[in-house]
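> what follows is a predicted protein model with its sequence.
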Amino acid sequence: MSQDNDGKDQSPDTKPTEGQDGDERIFLVVIDATEEHHKALRFASLRARNTGGRVALLYVIEPAEFKHWMAVEDIMRQERREEAETLLHEVSADVQELSGKTPVYFLREGNLSDELMKVIREEKGISVLVLAAASGKTGPGPLVSALAGTASGSLPVPLTLVPGDLTDEEIDALT
């Protein structure tokens, strides 16, 4: 497993976006436990296919609240990492099918918002951040609320928000 500059692990299947074709648009999608991330993933994959771009996937393992015994914490961290890698491999297959290219992916540990901003700033090839907003009474979700609100002026790339209640057919028609 390779590590990036700040010691965070990267997947062995990942190649940083620097050094890739400078004209290739990189669509970054945050992969998490939410249902709506599939909407952002579909949108980004189809846009990448239609523009000759590539999808990058970011999964952030947030620190556990359990800090009592180091051995138990290490086991929990390893289990979360294995779950994240499994999900990234599954999602990677979907991206490959929809976009025609294997995605770049980043697996980080830390606070989601902080790690997202680090990846965007470190990986100069990322050109668009694609997120899906949750539908329903709970609002768009904490990450979307933060990035579309107060943090929107500090994003170094455009933010594309995909409504979470769009159907696959509606997303296909938009891309």
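Okay, I see it.

> please make it C-alpha for all contacts and neighbour counts, starting now.
OK.

> show me what contacts Val60?
Taking CA atoms under 8 Å, 6 or more residues apart in numbering, we find Val60 in contact with 31-32, 107-112, 115.

> cool, Pro163 as well?
With CA under 8 Å, 6+ apart, Pro163 has these contacts: 39, 132-135.

> can you get me a residue count around Glu122?
15 (other CA atoms under 10 Å).

> distance check, it against Ala33.
Going from Glu122 to Ala33 by CA to CA, to the nearest Å gives 25 Å.

> host element of Ala56?
Assigned by DSSP states H and E, Ala56 belongs to strand 54-61.

> what strands line up against that strand, and which way round?
Each strand paired with strand 54-61, and its direction, by DSSP bridges: strand 26-30 (parallel), strand 104-109 (parallel).

> would you turn the contacts of Val60 into CSV with pLDDT?
Below are the contacts of Val60 laid out as CSV (pLDDT from 0 to 100):
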residue, pLDDT
Ile31, 94
Asp32, 87
Leu107, 94
Arg108, 95
Glu109, 93
Gly110, 93
Asn111, 92
Leu112, 92
Glu115, 95
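
> and those, which of them are buried?
Among the contacts of Val60, those buried by neighbour count (16 or more other CA atoms under 10 Å) are 31-32, 107-109, 112, 115.

> nearest to Thr51, of the residues you listed?
Ile31 (21.8 Å; CA to CA).

> please, where are all the helices along this structure?
37-51, 70-99, 112-122, 142-148, 168-174 (DSSP state H).

> ok, and for the least confident helix or strand in the chain by mean pLDDT, which residues are buried?
For the chain, scoring each helix and strand by mean pLDDT, DSSP states H and E identifies helix 142-148 as the least confident one, at a mean of 83. Across helix 142-148, burial judged by 16+ other CA under 10 Å covers 143-144, 147-148.

> by contact count, what packs against it?
strand 126-133 (3 or more CA pairs under 8 Å, 6 or more residues apart in numbering; DSSP states H and E).

> quick one: mean pLDDT for the strand it packs on?
Average pLDDT, strand 126-133: 95.

> what residues of that strand count as buried?
Result for strand 126-133 [16+ other CA under 10 Å]: buried residues 126-133.

> in a markdown table, list those residues along with distance to Pro163.
Compiled in a markdown table, these are given as follows (distance: CA to CA, whole Å):
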| residue | distance to Pro163 |
| --- | --- |
| Ile126 | 22 |
| Ser127 | 20 |
| Val128 | 16 |
| Leu129 | 14 |
| Val130 | 11 |
| Leu131 | 9 |
| Ala132 | 6 |
| Ala133 | 5 |
